[in-house]
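>>> attaching a predicted model along with its sequence, questions to come.
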Amino acid sequence: MASAPAASPASSVRVRFCPSPTGNPHVGLVRTALFNWAFARHHGGTLVFRIEDTDAARDSEESYEALLDAMRWLGFDWDEGPEVGGPHAPYRQSQRMEVYADVARRLQERGFAYPCYCTTQELDERREAARAAGKPSGYDGKCRDLRPEQIEAYEREGRTPIIRFRMPDEPITFTDLVRGELTFTPENVSDYGIVRANGAPLYTLVNPVDDALMEITHVLRGEDLLSSTPRQIALYAALAEIGVGNGTTPQFGHLPYVMGDGNKKLSKRDPQSSLNLYRERGFLPEGLLNYLSLLGWSLAEDRDIFSMDEMIAAFDIKDVNANPARFDIKKAEAINAVHLRELAPDEFVRRLAPYLFDEEPTAEQLELLAEAAPLTQERMVVLSEVRGMLGFLFVKPEDFRVDEADAAKVLNQDAAPVLDASVKALESLGDYTAEPIQAVLREALVDGLGLKPKHAFTPLRVAVTGRRVSPPLFESMELLGREETLRRLRAALDAITA
């Protein structure tokens, strides 16, 4: 029984994050990046950021730029990779094709790989026959030991071979850092393709080759890649034999699935998996990362809220739970809300501004936002809520609109005397600040008209802020100013009495 030779415990930790630039980054990908980053930082090791872009049909430069932007937004720093460089550059696989071609040639020369001339139709037919007979349906080794005359005959037919790696005829055992000792038997791990018929290298070759050349010590990745691990362990051994890399095999840790709605694995096609969704809604990077870290790991049983520095200090891959983790958007929002409340006032304003202003804000707008922000910080879940909560302070008079549904429920004939009395009370008010505003309106509406506070102030709230839900009313009226407040109250009154 073969066992994987592990990297020495004394060796410096080197991990990699190696996404493919296809589509928008998703939260499962971010969770993988987070665990690798935390592991590297915890051990004082190296994080290698590598781009696996050998699939020209699916990869795009736009997605590549989106990956870099996502990493920066999340606050991840990397020690080697794009924009940083390093001793194993280049870090884009599309720029390393000569390396892979040379390795594939050397593997064939030493008998670790061989040409396979089987057509897709032939493979499918043999797989179906194997399934019907109740046997494993992997590659059956037909081309493993072709004689020269057989190869010549296939060549005369015009067949172009793929290159397959020759798996050892014995079980492969390794200790997964998350799942413990695992064994794969030969009948369940067949010979596999490493180079396409057109000469393009496959993931099954380029990923282990780069790990070997970049001296990766630990591979932390999703559970969906677990079945490829015995294949890669066998390839690492072959690479060591032909002098590629330092001769050691990384330790593997396979992270649990992230489950979505219906208890199904969260996929890139699920809307809730898109990182862009959370950026657009105004999640804080630290809030989102805090939540994603809980998908398979925890700082302590009774503690869900922590900083990334605290995670780094405590993170141990052996504490990761192998069971699937369920993505809970409500919990993600609750955790983000806590991080929002913990922001310093000036930092809160800085984070809010891009979600409130379409253009660069003026000094006066930022000053008003700084005054208004404390009214909302305890009430917000995500930053994008700022438009609904504070947008009424920053619109031009001609652009102010009242929510139609709220107006229909509140700004009716019963509201007319409330608005009329409020206008008269505020017109004669000397000190136009929150406390005197509250006092004069309470006197005019609660005492004067005999209304309950809810019925007295809800029409004012809708008329002034445009919504039934808003920051504290009297502070909002102070920030809006007497002139604009009265203009809005009169406009609402006119709409009712017209």
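That came in fine, so what should we check first?
>>> could you chop the protein up by domain?
The chain is divided into the following domains under automatic domain parsing: 345-394, 398-497.
>>> residues touching the residue in the chain sticking out farthest from the centre, list them.
The C-alpha centroid of the chain is most remote from Gly448, which lies 55.7 Å away (CA atoms, centre = their mean). Counting by CB atoms under 8 Å, 6 or more residues apart in numbering, Gly448 touches Ala421. The C-beta positions use only the backbone N, C-alpha and C, and glycine is treated the same way.
>>> look up how far Gly430 lies from it.
19 Å (CB to CB, to the nearest Å).
>>> try Ala104
In terms of CB to CB, Ala104 sits 86 Å off from Gly430.
>>> of these two, who's got more company?
Ala104 (22 against 6; other CB atoms under 10 Å).
>>> so the more buried one: helix, strand or coil?
helix (DSSP: H, G, I helix; E, B strand; the rest coil).
>>> you'd agree it is up against Val206?
No: using CB atoms under 8 Å, Ala104 is not in contact with Val206; the gap is 9.9 Å.
>>> run through the residues that contact Ala372.
Ala372 touches Leu390, Leu393, Pro471, Ser476, Leu479, counting by CB under 8 Å, 6+ apart.
>>> and the second one, how many neighbours does it have?
This points to Leu393. Leu393 has 20 nearby residues by other CB under 10 Å.
>>> check Tyr236 too.
Neighbour count of Tyr236, defined by other CB under 10 Å: 22.
>>> need the pLDDT of it.
Per-residue pLDDT puts Tyr236 at 97.
>>> how close does the nearest residue to it once chain neighbours are set aside get to Asp211?
Distances taken as CB to CB, 6 or more residues apart in numbering place Thr249 nearest to Tyr236, at 4.3 Å, with adjacent residues excluded. For Thr249, the distance to Asp211 (CB to CB) stands at 9 Å.
>>> shared neighbours, these two?
Tyr236.
>>> is it true that His254 lies in a strand?
Yes: assessed by three-state DSSP, His254 belongs to a strand.
>>> thought it was touching Val178?
Yes: contact criterion CB under 8 Å: His254 and Val178 qualify, at 5.6 Å.
>>> quickly list what's touching both of the two.
Both His254 and Val178 are contacted by Ala322, under the criterion CB under 8 Å, 6+ apart.
>>> would you map the helices across the stretch 301-450 of the chain?
308-314, 329-341, 345-356, 363-372, 386-390, 404-410, 416-427, 434-441 (DSSP state H, counting those that start in this stretch).
>>> now do the third one: which elements does it pack against?
When you say that, I think you mean helix 345-356. helix 363-372, helix 386-390 (3 or more CB pairs under 8 Å, 6 or more residues apart in numbering; DSSP states H and E).
>>> most tightly surrounded among those?
helix 386-390 (a mean of 20; mean count of other CB atoms under 10 Å).
>>> how deep is Leu123 tucked in, by neighbour count?
So Leu123, with other CB under 10 Å, has 15 neighbours.
>>> measure it to Ala197 for me?
13 Å.
>>> with Arg164 instead?
12 Å.
>>> the more surrounded of these two?
Arg164 (23 against 14).
>>> now the more buried one: how far from Asn188?
16 Å.
>>> what mean pLDDT does stretch 300-317 have?
95.
>>> how about the strands in this structure?
Taking DSSP state E, the strands of the chain run over residues 2-3, 14-17, 46-49, 113-116, 162-165, 172-176, 180-184, 192-195, 218-222, 251-255, 258-259, 325-326.
>>> mind giving me the packing neighbours of the second one?
Packed against strand 14-17 by the contact rule (3+ CB pairs under 8 Å, 6+ apart) you find helix 27-42, strand 46-49, strand 218-222.
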